[in-house]
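Enquirer: Structure, please.
(one chain, ligands or ions: 1)
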Amino acid sequence: MTTTTVIGADGLGKRYGRRQALADCTLDIPAGRVVGLVGPNGAGKSTLLQLASGLLSPTSGTIEVLGASPASTPAQMAKVGFVAQDTPTYAGLSIREHLHLGARLNPTWDAEFAARRIRQLDLDPGQRAGRLSGGQRAQLALTLAIAKRPELLLLDEPVASLDPLARREFMQVLMEFAAEQGASVVLSSHLVADLERVCDYLIVLARSRVRLVGDVDELLASHHRLTGAYREPATLPAGQEVIHSSHTERQSSLIVRSTAPIDNPSWTTQRLDLEDLVLAYMSNSATIGSIPVPEAQR
Ligand SMILES: Nc1ncnc2c1ncn2[C@@H]1O[C@H](COP(=O)(O)OP(=O)(O)OP(=O)(O)O)[C@@H](O)[C@H]1O
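Expert: Predicted coordinates:
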């Protein structure tokens with residue numbers, strides 16, 4: 001692990017009975033990045049975020065967050081913000097009471113930010129959380145998490161219930177927070193176009209396993225779409241790994257990983273965008289079988 005690792009995982013796994021939710025997950029996420037966590041339903045994204053927040057314990061391997069075991073001390077918990085998928089709030093408490101609670105519980109609470117954000121969102125501070133719409137409740141939970149001024153913010157599908165304009169505006173607030181504080185953010189989402197605007201680091205999970213991880217610019221520079229006359233993928237030179245292929249009788253279209261430039265004029269080479277890259281790895285892993293749990297571990 002590097003000294004600036006924000007989340008370090010080694011062979012991390014989580015099993016619910018016979019169901020392997022996360023397997024053999026090894027990560028070394030550098031600090032100060034905005035990390036997009038993507039993958040199909042049931043891939044293990046929430047499980048990974050809950051392991052990082054300390055809400056779940058691993059069944060195998062290890063995880064460290066900001067150099068310590070997740071949620072191991074009050075000081076460590078103060079440095080990490082987490083908003084779960086269901087954006088939990090206290091239904092009986094008003095927005096104002098949530099802000100007071102936040103101020104009492106968090107040593108680094110930014111009261112000015114919290115009050116300004118609630119005004120910007122046009123929310124009534126006297127309104128009980130239980131009376132808010134789903135999107136408004138999510139905005140309250142996200143405001144509380146950012147006002148805590150954590151070193152690491154973990155967000156599980158934070159924008160799923162927000163309208164398109166609110167989504168874009170929230171992503172802007174999130175980027176400002178990360179840039180101003182030098183904070184690290186990990187957010188899961190199915191909305192890759194939103195992630196493309198804010199994330200500089202990517203993790204693709206599928207079928208409980210990490211399929212792709214790294215700096216977004218480096219990943220985009222090392223993947224290429226090749227189109228040309230039909231041919232067998234096996235004819236590619238060493239060092240070019242086919243991630244996804246589709247063929248017609250006449251044409252082959254490949255997504256290839258290669259750090260060296262593709263130097264073959266019989267292919268037309270194009271760059272990928274983030275969505276192409278994510279979909280290539282998701283469909284590639286759809287063809288790989290699920291992970292059997294060894295008899296001895298059941
Ligand atoms: N409490 C639980 N008990 C049993 N199985 C669980 C539990 N929580 C999650 N799982 C299983 O673990 C796997 C991973 O679930 P997880 O919620 O981490 O996926 P996800 O990637 O967040 O999915 P989604 O995109 O649908 O939110 C799934 O197969 C799920 O059914």
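Enquirer: Helices along this structure, start to end?
Expert: Ranges of helices in the chain, per DSSP state H, are 45-53, 74-78, 95-105, 111-120, 134-147, 164-181, 192-198, 216-221, 274-286.
Enquirer: Of all those, which one comes closest to Gln20?
Expert: helix 45-53 (9.9 Å; Cβ to Cβ). The C-beta positions use only the backbone N, C-alpha and C, and glycine is treated the same way.
Enquirer: and the helices of the chain as CSV, adding distance to Gly11, mean pLDDT and mean neighbour count?
Expert: Converted to CSV, those look like this (distance: least, Cβ to Cβ, whole Å; pLDDT from 0 to 100; neighbours: other Cβ atoms under 10 Å):
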stretch, distance to Gly11, mean pLDDT, mean neighbour count
helix 45-53, 12, 97, 24
helix 74-78, 22, 88, 14
helix 95-105, 34, 96, 16
helix 111-120, 39, 95, 15
helix 134-147, 29, 93, 22
helix 164-181, 29, 91, 16
helix 192-198, 27, 90, 17
helix 216-221, 23, 95, 15
helix 274-286, 19, 86, 19
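Enquirer: Redo the ones you listed as TSV? Include distance to Val204.
Expert: Formatted as TSV, those follow (distance: least, Cβ to Cβ, whole Å):
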stretch	distance to Val204
helix 45-53	10
helix 74-78	28
helix 95-105	33
helix 111-120	31
helix 134-147	24
helix 164-181	20
helix 192-198	10
helix 216-221	9
helix 274-286	5
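Enquirer: Select, out of these, the one closest to the ligand.
Expert: Closest of those to the ligand is helix 45-53, at 3.3 Å (criterion: Cβ to the nearest ligand atom).
Enquirer: What is the burial count for Pro158?
Expert: 27 (other Cβ atoms under 10 Å).
Enquirer: start to end distance for stretch 157-168?
Expert: 14 Å (Cα to Cα, to the nearest Å).
Enquirer: whoops, stretch 4-24 was the one
Expert: 22 Å.
Enquirer: and if you look at stretch 172-188?
Expert: Across stretch 172-188, first to last residue, Cα to Cα, it's 16 Å.
Enquirer: now the helices of the chain in JSON lines, with distance to the ligand?
Expert: Listed next are the helices of the chain as JSON lines, based on distance: least, Cβ to the nearest ligand atom, whole Å:
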{"stretch": "helix 45-53", "distance to the ligand": "3"}
{"stretch": "helix 74-78", "distance to the ligand": "22"}
{"stretch": "helix 95-105", "distance to the ligand": "25"}
{"stretch": "helix 111-120", "distance to the ligand": "26"}
{"stretch": "helix 134-147", "distance to the ligand": "15"}
{"stretch": "helix 164-181", "distance to the ligand": "17"}
{"stretch": "helix 192-198", "distance to the ligand": "13"}
{"stretch": "helix 216-221", "distance to the ligand": "20"}
{"stretch": "helix 274-286", "distance to the ligand": "11"}
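Enquirer: so which of the ones you listed gets nearest Ala206?
Expert: Nearest of those (Cβ to Cβ): helix 274-286, 3.7 Å.
Enquirer: Show residues contacting the closest one.
Expert: The contact list for helix 274-286 (Cβ atoms under 8 Å, 6 or more residues apart in numbering) reads 36, 38-40, 192-193, 195-196, 199, 202, 204, 206-207, 209, 211-212, 216, 219-220, 223, 225, 243-244, 255, 272.
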